[in-house]
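how would this look folded up:
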Amino acid sequence: MKKIQMVDLKGQYNDIKDIVNPSIQEVIETTAFVNGPKVHKFQENLEKYLGVKHVIPCANGTDALQIAMMGLGLKPGDEVITVDFTFAATVEVIALLQLTPVLVDVNEDDFNININALKKAITPKTKAIVPVHLFGQCANMEVIMEIAKANNLFVIEDNAQAIGANYTYSNGTKVKAGTIGNVGATSFFPSKNLGCYGDGGAIFTNDDKLAHTIRGIVNHGMYERYHHDVVGVNSRLDSIQAAVLDAKLPHLDNYNKARQNAARKYNSAFKDIEKIQTPKTVNGCDGICDTCDCHVFHQYTLRIKDIDRNALVKHLNEKGIPCGVYYPIPLHKQKAYVDERYNEEDFKVTNQLVKDVISLPMHTELDDEQIEYITSTIIKFING
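All right, here's what the predicted structure looks like:
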């Protein structure tokens, strides 16, 4: 059995290097390293894939979130609601812009923003909602958009973990994650479902005016060289990363299908283990249906019950099985974001999740032998 990786980037590269290498070499030979033709080509191809009018590439996913908020004209003191159970980048940019982060709890099953908690958190100072499509599937965007419309709020989708996932409206209409709100932001960090070979990100919107503003912000506020019309930043996707991403984009659906297949095999192995709760899909399927398109499994995350998680992590590492705990500390307990406004009773689910969750290897190169070894090792540990 080949060595198990949490994310097997080398294996994935070996399958596509005949496409990636010439694409990178072309950038080097043309020396169009910043805002070159490869960036524009990737932008256009990603717009077609997502079915969105505007994709604005940028330097990384954190910048994408920050620039989206800058483009919407949010002001210091404006309240922005987001989830307590996510990576810090989501709340980090809110604080950096001197906005007021308002953290709320998540659902037990899909780990996405809890609608009742969202409604409760809205005040006259609320200006935006940032749903995080955690681990690979969308939050309840149809209801979130209804709430936003009723309260005149912006919606900024944090789509760093769910690119390629579909969201299905109650009428059956399907749209891509990240294209539903006023603006969406994503990351192309190497471990993402669509990852480059360094840092990268992008912003999505169907709003022409907002897209124009954002295009200026990412490039020092310039639309014409040395004419700074808005306050901007330096956040551009370099051409080599765009070349990698454009080479990988045609494979994204197959990458996501490979992740879904691996998740099905994990679920099947764990289905009779009472102390393990396998991932739930937003459509309420029993497990992962054969036509699943709502979850792209950026992470495969279990909830474990009545098990010493730290001991399990140690055991897996000793057996050559990498794993991760996403996330071990709620944001409202992080030193940087502690606030006397928060009440522990409002974070019951998150406070429990941080004790229960464990993420297993999940990537496009997982094979049956590896999955069988991972699952059998966990089951033997649980059964003593």
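
all helices for the stretch 1-150 of the chain, in order.
9-30, 37-50, 61-71, 89-96, 115-121, 141-151 (DSSP state H, counting those that start in this stretch).

What residues of stretch 103-118 count as buried?
Neighbour counts over stretch 103-118 (16 or more other Cβ atoms under 10 Å) mark 103-107, 110-115, 117-118 as buried. Where you see a C-beta, it was placed from the backbone N, CA and C, and this is true even at glycine.

can you redo those as TSV with distance to residue 12 and pLDDT?
Compiled in TSV, the buried residues of stretch 103-118 are given as follows (distance: Cβ to Cβ, whole Å; pLDDT from 0 to 100):
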residue	distance to residue 12	pLDDT
103	35	98
104	36	98
105	35	98
106	30	98
107	31	96
110	27	94
111	26	96
112	27	97
113	31	98
114	35	98
115	36	98
117	37	98
118	36	98
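
What is the three-state secondary structure of residue 161?
In the three-state summary, residue 161 is assigned as coil, counting by DSSP: H, G, I helix; E, B strand; the rest coil.

quick one on the thing from earlier: tell me which two of the buried residues of stretch 103-118 sit farthest apart.
By the measure Cβ to Cβ, 103 and 110 form the most distant pair in these, at 17.8 Å.

In this model residue 131 seems to touch residue 144, though I could be wrong.
Yes. With contact defined as Cβ atoms under 8 Å, residue 144 and residue 131 form a contacting pair (5.6 Å).

Now for those two: what residues contact both?
Common neighbours of residue 144 and residue 131 are listed as 113, 155, 181 (criterion: Cβ atoms under 8 Å, 6 or more residues apart in numbering).

and which of the residues you listed is nearest residue 269?
Using Cβ to Cβ as the measure, the one of those that approaches residue 269 most closely is residue 113, at 29.9 Å.

so residue 359 is in which element?
Taking DSSP states H and E as the definition, residue 359 sits inside strand 357-360.

list the contacts for the spatially most central residue of the chain?
Central residue of the chain (Cα atoms, centre = their mean): residue 161, 2.0 Å from the mean position. By Cβ under 8 Å, 6+ apart, residue 161 lies in contact with 132-136, 192-193, 298-299.

how close does residue 39 get to residue 153?
Separation of residue 39 from residue 153 (Cβ to Cβ, to the nearest Å): 32 Å.

Kindly report the same for residue 321.
The span separating residue 321 from residue 153 equals 43 Å under the rule Cβ to Cβ.

What is the burial count for the residue lying closest to residue 51 once chain neighbours are set aside?
Closest residue to residue 51 in three dimensions, ignoring its sequence neighbours and counting by Cβ to Cβ, 6 or more residues apart in numbering: residue 176, at 6.0 Å. Around residue 176 sit 21 other residues, with neighbours defined as other Cβ atoms under 10 Å.

what sits against residue 176?
Contact partners of residue 176, counting by Cβ under 8 Å, 6+ apart, are 49-52, 164-167.

likewise residue 324?
Taking Cβ under 8 Å, 6+ apart, one finds 6, 299, 358-359 in contact with residue 324.

Buried only: go through those for me.
With neighbours counted by 16+ other Cβ under 10 Å, the contacts of residue 324 contain buried members at 299, 358-359.

a markdown table for those, including pLDDT?
Formatted as a markdown table, these follow (pLDDT from 0 to 100):
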| residue | pLDDT |
| --- | --- |
| 299 | 98 |
| 358 | 98 |
| 359 | 98 |
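
who has more neighbours, residue 144 and residue 131?
residue 131 (28 against 22).

In this structure the more buried one contacts residue 114, no?
No. In this structure, residue 131 is not within contact of residue 114 by Cβ under 8 Å, at 10.7 Å.

Let me know whether residue 177 touches residue 158 as I believe.
No. With the criterion set as Cβ under 8 Å, residue 177 and residue 158 do not qualify as a contacting pair; they are 10.1 Å apart.

In terms of packing, which of those two has more residues around it?
A count of neighbours by other Cβ under 10 Å puts residue 158 above the other of residue 177 and residue 158, at 29 against 26.

Which strand residues bridge that one?
Listed beta-bridge partners, residue 158: residue 132, residue 185 (assigned using DSSP bridges).

tell me the contacts of it?
Applying Cβ under 8 Å, 6+ apart, one finds that residue 158 lies in contact with 65, 82, 86, 90, 130-133, 184-185.

Which of the residues you listed ranks first by neighbour count?
If you count neighbours using other Cβ under 10 Å, the busiest of the contacts of residue 158 is residue 65, which has 33 neighbours.

my read: it touches residue 96, true?
No. Counting by Cβ under 8 Å, residue 96 is not a contact partner of residue 65; they are 9.8 Å apart.

Give me the nearest residue to residue 103, chain neighbours excluded.
For residue 103, ignoring the flanking residues on the chain, the nearest one in space by Cβ to Cβ, 6+ apart is residue 84 at 4.2 Å.

re earlier: please identify which pair of the contacts of residue 158 lies farthest apart.
By the measure Cβ to Cβ, 86 and 184 form the most distant pair in the contacts of residue 158, at 15.2 Å.

Count residues in the vicinity of residue 91, would you?
Residue neighbour count, defined by other Cβ under 10 Å, stands at 26 for residue 91.

Now do the helix or strand that the strand holding residue 359 is followed by: everything it contacts.
Sequence-wise, the next helix or strand beyond strand 357-360 is helix 368-383, with elements assigned using DSSP H and E. The contact list for helix 368-383, computed with Cβ under 8 Å, 6+ apart, reads 1-2, 4, 262, 265-266, 269-270, 273, 275-276, 307, 312, 315-316, 319, 321, 360-361.

And the average pLDDT for helix 368-383 is what?
Here helix 368-383 scores 97 as its mean pLDDT.

Name the residues of it that are buried.
Taking 16+ other Cβ under 10 Å as the basis for neighbour counts, the residues of helix 368-383 that come out buried are 370-371, 373-375, 377-378, 382.

I'd like those residues as TSV, with distance to residue 58 appended.
Rendered in TSV, the data for those read as follows (distance: Cβ to Cβ, whole Å):
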residue	distance to residue 58
370	35
371	36
373	40
374	36
375	39
377	40
378	39
382	43
